[in-house]
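Asks: quick one: sequence plus predicted model below, questions after.
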Amino acid sequence: MKYLLVLLVIVVAVGIWRNKRRDEVAERKTAGTRPAPALKQPQNMVACAHCGLHLPQADAVTDGENHYYCSAEHRSLAQQSRH
């Protein structure tokens, strides 16, 4: 009787495992048909006039004279060294 119970537990476990596996395969098939997300547009890169670090122009700090800096601290250090 106990062997029958063990066999029943194994059959139920295999059935659950196969159902989960079938769901995963179905998910992968539907995931492949989704449209690809739109790519972001490239950004202009500039170099910090003080240290040379390259960063997006939108993140850069400028001094109004077409010089770009990675931070306000580097902008002030560059202005101090010019005077």
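Replies: In hand now; what should we look at?
Asks: rest of the way, CA atoms for contacts and neighbours
Replies: OK.
Asks: helix or strand for the closest residue to Ala78 other than its chain neighbours, which one?
Replies: Once flanking residues are discounted, Ala78 sits nearest to His50: 6.0 Å by CA to CA, 6 or more residues apart in numbering. Element membership of His50, judged by DSSP states H and E, is empty: it is in no helix or strand.
Asks: ok, His50 touching Glu73?
Replies: No - taking contacts as CA atoms under 8 Å, His50 lies outside contact range of Glu73: 9.9 Å.
Asks: tell me which of those two has more neighbours.
Replies: Here His50 and Glu73 are compared on neighbour count by other CA atoms under 10 Å; more neighbours surround His50, at 19 against 12.
Asks: what residues are up against the more buried one?
Replies: Each residue near His50 by CA atoms under 8 Å, 6 or more residues apart in numbering is listed here: Tyr69, His74, Arg75, Leu77, Ala78.
Asks: which of those are buried? Put it as a ChimeraX command.
Replies: Only the buried members of the contacts of His50 enter the following ChimeraX selection, criterion being 16 or more other CA atoms under 10 Å:
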select :69,74,75,78
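Asks: tell me which entries of the contacts of His50 lie within strands.
Replies: Using DSSP state E to define strands, the subset of the contacts of His50 located there is Tyr69.
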